[in-house]
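Enquirer: The following comprises the amino acid sequence and a computationally predicted model.
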Amino acid sequence: MTTLASLSLLLLSPQTQVVEPVQLRLDGPARVGELLQARVRSQQVGARAFLAVGPAGSFDLAGAGQPLFGVLPFGSGRLFTGKIGADGFYAPRLPLPSGAFRPGQRLAWQAGVQDSAGRFHLSPRIDLVAEADRAASWSDGSAALPSILSTEATTIPHAGDFDRDGDLDLIVLGEQTVLYLENQGGQFVDRSAGRFPGVVGLCTDFDVADLDGDADLDLVFVGRRASTGDWQNPIVLWNDGTGQFQLGPALPSYLENGSRVVVGDIDGDADQDVILTIGGQHSGGGSSAQTLALFRNQAGLQGGVAGEFVEDWVFANSRSFNHDRATVTGAVLGDVDNDGDLDLFVSKTGSQGGENDLVLNDGSGAFTSAGSRQLPGFSDKSGAAIFEDFDGDGYLDLYVCNSHWTIGPEASGDLLMNAGAGAPGYFADADATRFPDAFDDNLTIRNYAVAGDVDGDGDRDLIVLPHEFMGSQGSLVGSPALFVNQGGLQGGSTGEFREQPGFWAPGTSFVAGGGLLADLDGDGDLDLLATSIGGVIQAGKVQDGLLMNQLF
């Protein structure tokens, strides 16, 4: 009998850092033929709820102009219906289908809610994948990338089915351009020409979401103008449903510009809002210092047009968290206290480090700083951060990319564990039994991190992508490292990590620009794309790396 302990939960979404307006969670363990607890969460109390279970595929539940389910709930599948209760949940107990799962076989699950206007809002699709009885193994798949990725320095990548043909395409920020890489049977073809009108110069970041409610993936870009080098207002690009983009609105603000962007439903009204950060200290609007900006989507509660954005001036002037006392390096959204709304973690740095902040959402998009009481009091040189439930308790933990060059790992908060049900949203630094605290030459400066279940055993593993550096032995170091979660297949404690030796080819250090984990070849496991912006001594180290997971 196959149990949930031997099933991988694979989240198929290009936005693993953002909680969607409709959320789906599966709780076990349960044996095949027995009951599995499903939980569909939405703030639309009383709304009709749907849960589709079956093979992966496109299913038109609602008719033209509505989002497509990524599940085929017929034949061996099922479609369950109910409504969102007063507690914000539709929580049926459902049987897993009879019959044994073969390694790599998947069963897709997706939830939907129909709002009062008749529109559907979908959770990301979750795949139950029968686990392998071996660890992940990797092969070099870089030959599947176009040649431009061997000559162009690249930073932030996102994967998504932008052309809605059933596979994941790539959009990658280049040094002077934005690249659109179309997936053609696991080979990626450069289709960038004419794809991104109005995007010029050096883009520092972008995010992906359905901003106008038409069920395809749109884009928000921030960056500089090529001609003058000054910052330009962030811009939105609309997807026409085929992966072709049209120029949308700019997002002018007292912030005037942005270096990082993150998208999520801030006020719980089932549309996607935008948060910008400026990477340097910045004063705007007269004497008001501001390093963050919130743009509310005017659909939903605002009663306007989906995809039109207006800056929230209360957020702009909230000096408990929106100030320039340290340099903001990034932001990430997640529901840290499990109250159904998105909270904000803000990464910071400075000459002696900066105190990161945790900004709590009251459900309507009003925020208050809680970092001083709910985060450990480190002054880190922090960069990218990710929320993940690493210990499987249902509460989001946090991994922060810090520099250990001037601040040793014992004095830095890298893996921060959520206290969970006893004190939701309160974080403590993981001790050395959970995550290595010893100095690691290879990971002196940590640029980026990605997480996912790479070995298909139901827990979240972690990959850290560092900055190339001159190591203590006089040779260049700085290559991606895989930390395997010791629950599941490893037979240890979920939320404890051990580094896997030999994960990346020795001697291939580089300055990591970004990375992602996604099923790029459609075989049911997570592959890794690691982007490169060069090297410390050799600027030409720009070949992006693609590791294909051979689990299934």
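Expert: Received, thanks. Since the model is a prediction, treat every value here as computed from it, not as a measurement.
Enquirer: Could you list the low-pLDDT ranges of the stretch 451-552 of the chain?
Expert: Low-confidence segments of the stretch 451-552 of the chain, defined by pLDDT under 70: 506-507.
Enquirer: Between the two ends of stretch 145-165, how far is it?
Expert: 19 Å (Cα to Cα, to the nearest Å).
Enquirer: quick one: buried residues of that stretch?
Expert: Buried residues in stretch 145-165, counted by 16 or more other Cβ atoms under 10 Å: 145-146, 148-149, 152-164. No exception for glycine: its C-beta is placed from N, CA and C like everyone else's.
Enquirer: cool, stretch 380-392 as well?
Expert: Buried residues in stretch 380-392, counted by 16+ other Cβ under 10 Å: 380-392.
Enquirer: Turn the residues you listed into JSON lines, columns for pLDDT, secondary structure and distance to residue 66.
Expert: Shown next, in JSON lines, are the buried residues of stretch 380-392 (pLDDT from 0 to 100; DSSP: H, G, I helix; E, B strand; the rest coil; distance: Cβ to Cβ, whole Å):
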{"residue": "380", "pLDDT": "83", "secondary structure": "strand", "distance to residue 66": "45"}
{"residue": "381", "pLDDT": "88", "secondary structure": "coil", "distance to residue 66": "46"}
{"residue": "382", "pLDDT": "91", "secondary structure": "strand", "distance to residue 66": "41"}
{"residue": "383", "pLDDT": "90", "secondary structure": "strand", "distance to residue 66": "39"}
{"residue": "384", "pLDDT": "93", "secondary structure": "strand", "distance to residue 66": "35"}
{"residue": "385", "pLDDT": "96", "secondary structure": "strand", "distance to residue 66": "34"}
{"residue": "386", "pLDDT": "97", "secondary structure": "strand", "distance to residue 66": "31"}
{"residue": "387", "pLDDT": "97", "secondary structure": "strand", "distance to residue 66": "29"}
{"residue": "388", "pLDDT": "96", "secondary structure": "strand", "distance to residue 66": "31"}
{"residue": "389", "pLDDT": "95", "secondary structure": "coil", "distance to residue 66": "30"}
{"residue": "390", "pLDDT": "96", "secondary structure": "coil", "distance to residue 66": "35"}
{"residue": "391", "pLDDT": "95", "secondary structure": "coil", "distance to residue 66": "37"}
{"residue": "392", "pLDDT": "91", "secondary structure": "coil", "distance to residue 66": "34"}
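Enquirer: and the residues you listed as CSV, adding distance to residue 204?
Expert: Shown next, in CSV, are the buried residues of stretch 380-392 (distance: Cβ to Cβ, whole Å):
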residue, distance to residue 204
380, 21
381, 18
382, 17
383, 13
384, 13
385, 17
386, 18
387, 21
388, 24
389, 29
390, 28
391, 33
392, 34
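Enquirer: Check those and tell me the two furthest apart.
Expert: 381 and 392 (30.1 Å; Cβ to Cβ).
Enquirer: Was I right to think residue 83 contacts residue 44?
Expert: No - the pair residue 83 / residue 44 is not scored as a contact, 9.6 Å apart, by Cβ atoms under 8 Å.
Enquirer: picking up where we left off before, give me the subset of the buried residues of stretch 145-165 that lies in strands.
Expert: 154-160 (DSSP state E).
Enquirer: Among the residues you listed, which one lies nearest to residue 345?
Expert: residue 156 (17.8 Å).
Enquirer: Secondary structure element holding the closest residue to that closest one other than its chain neighbours?
Expert: Nearest non-adjacent residue to residue 156, counting by Cβ to Cβ, 6 or more residues apart in numbering: residue 514, 4.4 Å away. Following DSSP states H and E, one finds residue 514 within strand 512-518.
Enquirer: In its sheet, which strands sit next to the helix or strand just after that strand, and in what direction?
Expert: Counting by DSSP H and E, the element after strand 512-518 in chain order, helix or strand, is strand 527-532. Note on strand 527-532: by DSSP bridges, its sheet partners are strand 512-518 (antiparallel), strand 545-549 (antiparallel).
Enquirer: Check which residues of strand 527-532 are buried.
Expert: Buried residues in strand 527-532, counted by 16+ other Cβ under 10 Å: 527-532.
Enquirer: circling back to that earlier point, is it possible to export the ones in strands among the buried residues of stretch 145-165 to JSON lines including pLDDT?
Expert: Below are those laid out as JSON lines (pLDDT from 0 to 100):
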{"residue": "154", "pLDDT": "95"}
{"residue": "155", "pLDDT": "94"}
{"residue": "156", "pLDDT": "95"}
{"residue": "157", "pLDDT": "97"}
{"residue": "158", "pLDDT": "97"}
{"residue": "159", "pLDDT": "96"}
{"residue": "160", "pLDDT": "94"}
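Enquirer: Turn these into CSV, including distance to residue 311.
Expert: Listed next are those as CSV, based on distance: Cβ to Cβ, whole Å:
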residue, distance to residue 311
154, 30
155, 26
156, 23
157, 28
158, 24
159, 29
160, 26
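Enquirer: The protein: helices as residue ranges?
Expert: 313-316, 371-374 (DSSP state H).
Enquirer: quick one: buried residues of the first one?
Expert: Put plainly, it is helix 313-316. So helix 313-316, judged by 16+ other Cβ under 10 Å, has buried residues 315-316.
Enquirer: Touching it from outside, list them.
Expert: 253-255, 285, 288, 290, 292-294, 322, 365-367 (Cβ atoms under 8 Å, 6 or more residues apart in numbering).
Enquirer: do the same with stretch 388-396
Expert: Counting by Cβ under 8 Å, 6+ apart, 16, 25, 334-336, 338, 387, 397, 399, 415, 417-421, 424-425, 451, 458-460, 462, 485, 487, 494-495, 497 sit against stretch 388-396.
Enquirer: could you dump that stretch to CSV, C-alpha only?
Expert: Backbone C-alpha positions of stretch 388-396 (Å, rounded to 0.1, in the frame of the first residue of the first chain) are rendered in CSV as follows:
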residue,chain,number,x,y,z
GLU,A,388,9.2,27.6,3.1
ASP,A,389,7.8,25.1,5.6
PHE,A,390,11.0,23.2,6.2
ASP,A,391,10.0,21.2,9.3
GLY,A,392,6.5,20.2,8.1
ASP,A,393,4.5,21.8,10.9
GLY,A,394,2.3,23.9,8.6
TYR,A,395,4.0,27.2,9.4
LEU,A,396,6.4,29.0,7.1
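Enquirer: Would you mind listing which of the contacts of stretch 388-396 are buried?
Expert: 16, 25, 334-336, 387, 397, 399, 415, 417-418, 420, 424-425, 451, 458-460, 462, 485, 487, 494-495, 497.
Enquirer: So which of these are in strands?
Expert: Short answer: these in strands (DSSP E) are 25, 334, 387, 397, 399, 415, 417-418, 451, 462, 485, 497.
Enquirer: could I get those residues as CSV with distance to residue 274?
Expert: Shown next, in CSV, are those (distance: Cβ to Cβ, whole Å):
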residue, distance to residue 274
25, 26
334, 16
387, 18
397, 25
399, 24
415, 28
417, 29
418, 26
451, 23
462, 27
485, 32
497, 33
